[in-house]
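Colleague: everything below, folded, please.
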Amino acid sequence: MRSLLGGSDEALVHDPGAKGPEGEGEAGMTMMVIVYAVALGLIVYEKFVKKKTDHDADKANELADVENFKAKLAANKAEGAAEHADHALTDIEIRDKLKQAKWTEPDADVVTPEFRSKFIRTASFGALDTMDKGPVRDALYWLSGVSWTKIALFWWVIYCIWVFLLVLSIMGTGFSLLGGKDSAKMFDVVDNPISGVMIGILATVLVQSSSTTTSIIISLVGANELSVNSAVFMVMGANIGTSVTNTIVAMGHFNNPDDLRRGFAAATVHDCFNLLSVAVFLPLNWIYPFLEKMTYQMTKGIKACDAAAGDKCKATEFLKPYVTPYSKGIANYNKDVSKYVSQNYCMGLCDQSFDSDALAAVSKIVCTQTAANANDCSNVHGGYSGTWMSGGKIAKKRVPAYVYTDTNGLVTSYYSCPIASCTGLGSVYNKTSGDVEITAGKLEASTYYAVCPSSKMKNGLCEKRLLKGGIALTDWEMTDVGAGTFLTIWSLGGLCACLFCIVYSLQIIIKGGAARVLKKVIGFNPYLNMLVGMG
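Modeller: Numbers count the residues shown, from 1 in each chain. Down below sits the predicted model:
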């Protein structure tokens, strides 16, 4: 806990225990099944067990309350009272107003004197009764009036929130498995702000997680595959795409038409905020990239954490270390595959650390020399882009595995062995000494050379499976598409079940005193409301 609150330098590490089945995937599925079962039980109770006369009576009482409210307004108007804002309310608005007022009404005291007396005698083993005096009797008297049902429901809501976070993580995994590679390829066509916004929207809708989309965008910017200015517009699109999630949340109120209407109204507020924010900042940042300039000024003095240099690098996380083991126990998504696809490492990645001089010598070999004696590396690969060069040299990770010089001295690059066997080829670079042993002027015609050491060349990165662990792979032996389909459908249902249970329980817990306190807090000041929303 100290680590979560920033009180310790030790990183929080998940300990799976002894080698063998961890059971976290099974535990995660069990927690979701429990919520499913309770939600289904409540729906059956409300629809079939609870007497229809109760529902009809509640509806009749609502209609009667609306008519009485309108009658009072009409009577006040007839007596010459001043015009009130309530006179302009529609029947639906009146019903909402009366429902909110009922929420603040205190619950009837259902604790009888007989129950209090029995509780005190039982708890004190017959030594005390309601007529006695003293601190012990007063404490027992207070406990006898506590709503243990609400306390139990409070912990049930906490449990449902935990499962809700787990479901969101699984939903992101499911959508990522369905569209991970394809959604990663979308980032290749960002050539104007509108396309950036649209790609951000579509990618977020596909993976149903703006954090996943944003993580990919950040990794692209960090790898110099995407400019900060283009990333700004894609993040705007991701924030619009995440509005789909609040629509799904609103559907958790499907059991009550009025609650569903109000839920969609609240979701629309979130949608409008994101849409209006983009409507304001998109044209302004299109005219002048002030967000890129501002963030550069904010971060230019930040010193990066270098673990290799002995710095203590620690990421402070709160709930993720506790939720992630369970979601990964169900299905573990390989994010690296999407990263490799988006950064165009499907042909191969050289993981050798060249120094600046060696990289300059390698660039003269694999790149074409312009009239100004500069490197033009567009001949290296068909998927070349300007980000493949850094400081006038080819980027380290883009160095090819092999090159071939033809009779005219032209060099062709390969990221995998182009012949039957590449064993024994002359090596341009000596990874032991770090020197370039064969320079551009010493290349022989019609000869193959090894450039990136074979032990450092990674191929087939984009061919790996997106599903790399969890019971969906080990126990159920699902395909990527099969696991993605199942997890998406299962998590969508789980999301609705969690929301239904949370809403149903909160309607019981918050009614009365808690509702009055909440109403005073959120009605005190708009800025205080913003702080409550941030919390």
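
Colleague: quick one: the strands in the stretch 401-535 of the chain?
Modeller: Using DSSP state E, counting those that start in this stretch, the strands of the stretch 401-535 of the chain run over 402-405, 411-414, 426-427, 429-430, 435-436, 447-450, 457-458, 467-469.

Colleague: take the ones you listed and lay them out in JSON lines including distance to Gly145.
Modeller: Where you see a C-beta, it was placed from the backbone N, CA and C, and this is true even at glycine. What follows is the strands of the stretch 401-535 of the chain, written out as JSON lines (distance: least, CB to CB, whole Å):
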{"stretch": "strand 402-405", "distance to Gly145": "82"}
{"stretch": "strand 411-414", "distance to Gly145": "80"}
{"stretch": "strand 426-427", "distance to Gly145": "84"}
{"stretch": "strand 429-430", "distance to Gly145": "80"}
{"stretch": "strand 435-436", "distance to Gly145": "84"}
{"stretch": "strand 447-450", "distance to Gly145": "82"}
{"stretch": "strand 457-458", "distance to Gly145": "67"}
{"stretch": "strand 467-469", "distance to Gly145": "51"}
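
Colleague: got the ones you listed as a markdown table, with mean neighbour count and mean pLDDT columns?
Modeller: A markdown table is the format used below for the strands of the stretch 401-535 of the chain (neighbours: other CB atoms under 10 Å; pLDDT from 0 to 100):
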| stretch | mean neighbour count | mean pLDDT |
| --- | --- | --- |
| strand 402-405 | 20 | 91 |
| strand 411-414 | 19 | 90 |
| strand 426-427 | 14 | 88 |
| strand 429-430 | 20 | 88 |
| strand 435-436 | 17 | 86 |
| strand 447-450 | 18 | 91 |
| strand 457-458 | 18 | 91 |
| strand 467-469 | 19 | 89 |
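
Colleague: between the ones you listed, which one is nearest to Met478?
Modeller: Shortest distance between Met478 and the strands of the stretch 401-535 of the chain, using CB to CB, is found for strand 467-469: 7.0 Å.

Colleague: for that closest one, which outside residues touch it?
Modeller: Defining contact as CB atoms under 8 Å, 6 or more residues apart in numbering, one finds that strand 467-469 is touched by 177, 328, 331-334, 473, 478-480, 483.

Colleague: in its sheet, what does it sit against?
Modeller: strand 332-333 (antiparallel) (DSSP bridges).

Colleague: check the offset of the partner strand from the chain's centre.
Modeller: 14 Å (CA atoms, centre = their mean, to the nearest Å).

Colleague: for the stretch 301-450 of the chain, what spans make up the helices?
Modeller: 320-330, 335-342, 356-366 (DSSP state H, counting those that start in this stretch).

Colleague: any idea which of those helices scores lowest on pLDDT?
Modeller: Among the helices of the stretch 301-450 of the chain, helix 335-342 has the lowest mean pLDDT, at a mean of 80.

Colleague: what's the neighbour count on Asn256?
Modeller: The number of residues packed near Asn256 is 14, by other CB atoms under 10 Å.

Colleague: check the gap between it and Ala265 for me.
Modeller: Asn256 is 14 Å from Ala265, where distance means CB to CB, to the nearest Å.

Colleague: re the thing from before, tell me which of the helices of the stretch 301-450 of the chain sits nearest to Ile161.
Modeller: Per CB to CB, nearest to Ile161 of the helices of the stretch 301-450 of the chain: helix 320-330, 10.9 Å.

Colleague: turn the helices of the stretch 301-450 of the chain into JSON lines, including distance to Asn229 and mean neighbour count.
Modeller: Shown next, in JSON lines, are the helices of the stretch 301-450 of the chain (distance: least, CB to CB, whole Å; neighbours: other CB atoms under 10 Å):
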{"stretch": "helix 320-330", "distance to Asn229": "30", "mean neighbour count": "20"}
{"stretch": "helix 335-342", "distance to Asn229": "18", "mean neighbour count": "21"}
{"stretch": "helix 356-366", "distance to Asn229": "27", "mean neighbour count": "19"}
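
Colleague: take those helices and lay them out in a markdown table including distance to Cys272.
Modeller: Shown next, in a markdown table, are these (distance: least, CB to CB, whole Å):
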| stretch | distance to Cys272 |
| --- | --- |
| helix 320-330 | 30 |
| helix 335-342 | 31 |
| helix 356-366 | 51 |
